[in-house]
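**Student:** sequence plus predicted model, see below.
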Amino acid sequence: MTAEISKINMNKNIIKDFLNYSRKTKAASSQAVYEELLTRIGQVELSKKTVGDISNDEIISILRKMKSERESAIELYNKANRQELSKTLNDEILVINNHLPINMNSHLSKEETEILVDDYIASFGISSKKMMGTIIKHFKEAHGNKLDMKVLSTVLNSKLT
């Protein structure tokens, strides 16, 4: 059932159906992901003051952030030798990956990000960290979910003075 979702637009009702299915099958990892996803969708709707008006792109963005958070936590758990927690998060990442479009399962590499940043900096002659917010805003708009903001920030910090 999970492989089908990446081919259709997601909305709260579809996610609720997946949550109900995961509850019936007692799939703990799936259930945790869907519950968190519904909570985060609710938070976005509250911040926008609209209910039911969240786009597929916003849901994908939420999923990407959830995946990134889990990847960071896995690193910490592995350092602390907590393999059982690491495995749980890996299982949740597999569920999240099932819902990301195939071409969005990975971010641009650090090298690709560096090339984009170098081109942008050279085009506009930027050298100051004061412009970092503007640059990040541009890259968010231009590249959206394909760009890992943590990598972008690291690259910008190394390139700007």
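**Tutor:** Received the coordinates, thanks.
**Student:** contacting residues around stretch 128-140?
**Tutor:** With C-beta atoms under 8 Å, 6 or more residues apart in numbering as the contact definition, stretch 128-140 has outside contacts at 116-117, 120-121, 126, 147, 149, 152-153, 156-157, 160-161. (C-beta placed from N, C-alpha, C; glycine too.)
**Student:** buried ones in that stretch?
**Tutor:** Buried positions in stretch 128-140, judged by neighbour count with 16 or more other C-beta atoms under 10 Å: 132, 135, 139.
**Student:** quick revisit: can you list the contacts of stretch 128-140 in TSV and add neighbour count and pLDDT?
**Tutor:** Converted to TSV, the contacts of stretch 128-140 look like this (neighbours: other C-beta atoms under 10 Å; pLDDT from 0 to 100):
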residue	neighbour count	pLDDT
116	17	85
117	20	87
120	16	82
121	16	83
126	18	82
147	19	80
149	14	82
152	23	87
153	13	88
156	21	90
157	11	90
160	16	87
161	6	81
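**Student:** nearest to residue 65 among the residues you listed?
**Tutor:** Using C-beta to C-beta, the shortest approach to residue 65 within those belongs to residue 149, at 9.3 Å.
**Student:** one step back: make a markdown table from the buried residues of stretch 128-140 and add secondary structure to it.
**Tutor:** Converted to a markdown table, the buried residues of stretch 128-140 look like this (DSSP: H, G, I helix; E, B strand; the rest coil):
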| residue | secondary structure |
| --- | --- |
| 132 | helix |
| 135 | helix |
| 139 | helix |
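**Student:** now, which of the contacts of stretch 128-140 lie within helices?
**Tutor:** Among the contacts of stretch 128-140, the ones falling in helices (DSSP state H) are 116-117, 120-121, 149, 152-153, 156-157.
**Student:** now, the most widely separated pair of the contacts of stretch 128-140?
**Tutor:** The widest separation within the contacts of stretch 128-140 (C-beta to C-beta) is 22.4 Å, between 147 and 161.
**Student:** mind checking which helix or strand the residue positioned nearest the centre of the chain is in?
**Tutor:** Note on the chain: the residue nearest the mean C-alpha position is residue 64, at 1.4 Å, using C-alpha atoms, centre = their mean. Per DSSP states H and E, residue 64 falls inside helix 56-79.
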